[in-house]
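Student: Test case, fold it:
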Amino acid sequence: MIALVSGTVVATGSDYVIIDTSGVGYLVHLPKPTLSATNDGDAVRFFTSLIVREDSLTLYGFATWAQRLLFDQLLAVSGIGPKVAMSLLSSLSPDDLKAALASGDVVRLSKVPGIGRKTAERMVLELKGKIDPRGVMAGVMPSSRDSELIDVLMGLGYSAAEANAAVANIPADAPDSIDDRIRLALRYFGGL
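Tutor: The predicted model follows:
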């Protein structure tokens, strides 16, 4: 397996770069945020995943090892292939993706191109307990106002993950009134 490629970028395409490594050029597919930060002539190092198919050998590259591990976890979901996993990593940052999976935010996941509601639900179900959200919101404690709102939502029968997802989707400029914030949180559930 090819786990790491480092060298100089000699060409870029719509979703890939070609990296010259001691005279050998590797075509490596990258998530859009990583690709947009990469220019011809850059010295780069990407953690890679080699996907072997009957008719192709395809390298997918990632800026960090954690991102590469997340790609592998996505591939473990039935119905998720490398292109859909790359679409997820291109549309959401790794932290946002992990937070959406950990909180069961099907609405956010289904907004990613190539991901429908059923696929988003399957991802949440199959990755439940496998995605470590620690570090995703490290050091971010809910305000006392939001803690009260989370308690109210949990009292209404929503899980902690559902309550946290609803609170996270309340606009920053929302009113401070608990009644208004409850209404906004319940609208989130209405959209599910």
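Student: Can you point out the buried residues in stretch 44-59?
Tutor: 44, 46-49, 51, 59 (16 or more other C-beta atoms under 10 Å). The way it works is simple: take the backbone N, C-alpha and C, and place the C-beta from them, glycine included.
Student: would CSV of these with secondary structure, pLDDT and distance to I182 be doable?
Tutor: Below are the buried residues of stretch 44-59 laid out as CSV (DSSP: H, G, I helix; E, B strand; the rest coil; pLDDT from 0 to 100; distance: C-beta to C-beta, whole Å):
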residue, secondary structure, pLDDT, distance to I182
V44, strand, 94, 48
F46, strand, 94, 46
F47, strand, 92, 44
T48, strand, 93, 47
S49, strand, 93, 44
I51, strand, 92, 46
L59, strand, 96, 49
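Student: what's the closest of these to K128?
Tutor: S49 (23.0 Å; C-beta to C-beta).
Student: Show me where the protein has its helices.
Tutor: 32-36, 65-75, 82-91, 94-103, 106-109, 117-127, 144-155, 160-168, 178-190 (DSSP state H).
Student: Quick one: closest of the ones you listed to G7.
Tutor: Among the helices of the chain, helix 32-36 comes nearest to G7, with 15.4 Å by C-beta to C-beta.
Student: In JSON lines: the helices of the chain, plus mean neighbour count, distance to V9 and mean pLDDT.
Tutor: Shown next, in JSON lines, are the helices of the chain (neighbours: other C-beta atoms under 10 Å; distance: least, C-beta to C-beta, whole Å; pLDDT from 0 to 100):
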{"stretch": "helix 32-36", "mean neighbour count": "16", "distance to V9": "10", "mean pLDDT": "92"}
{"stretch": "helix 65-75", "mean neighbour count": "18", "distance to V9": "18", "mean pLDDT": "89"}
{"stretch": "helix 82-91", "mean neighbour count": "20", "distance to V9": "18", "mean pLDDT": "93"}
{"stretch": "helix 94-103", "mean neighbour count": "22", "distance to V9": "22", "mean pLDDT": "86"}
{"stretch": "helix 106-109", "mean neighbour count": "20", "distance to V9": "31", "mean pLDDT": "90"}
{"stretch": "helix 117-127", "mean neighbour count": "17", "distance to V9": "32", "mean pLDDT": "90"}
{"stretch": "helix 144-155", "mean neighbour count": "15", "distance to V9": "44", "mean pLDDT": "74"}
{"stretch": "helix 160-168", "mean neighbour count": "21", "distance to V9": "36", "mean pLDDT": "73"}
{"stretch": "helix 178-190", "mean neighbour count": "15", "distance to V9": "42", "mean pLDDT": "84"}
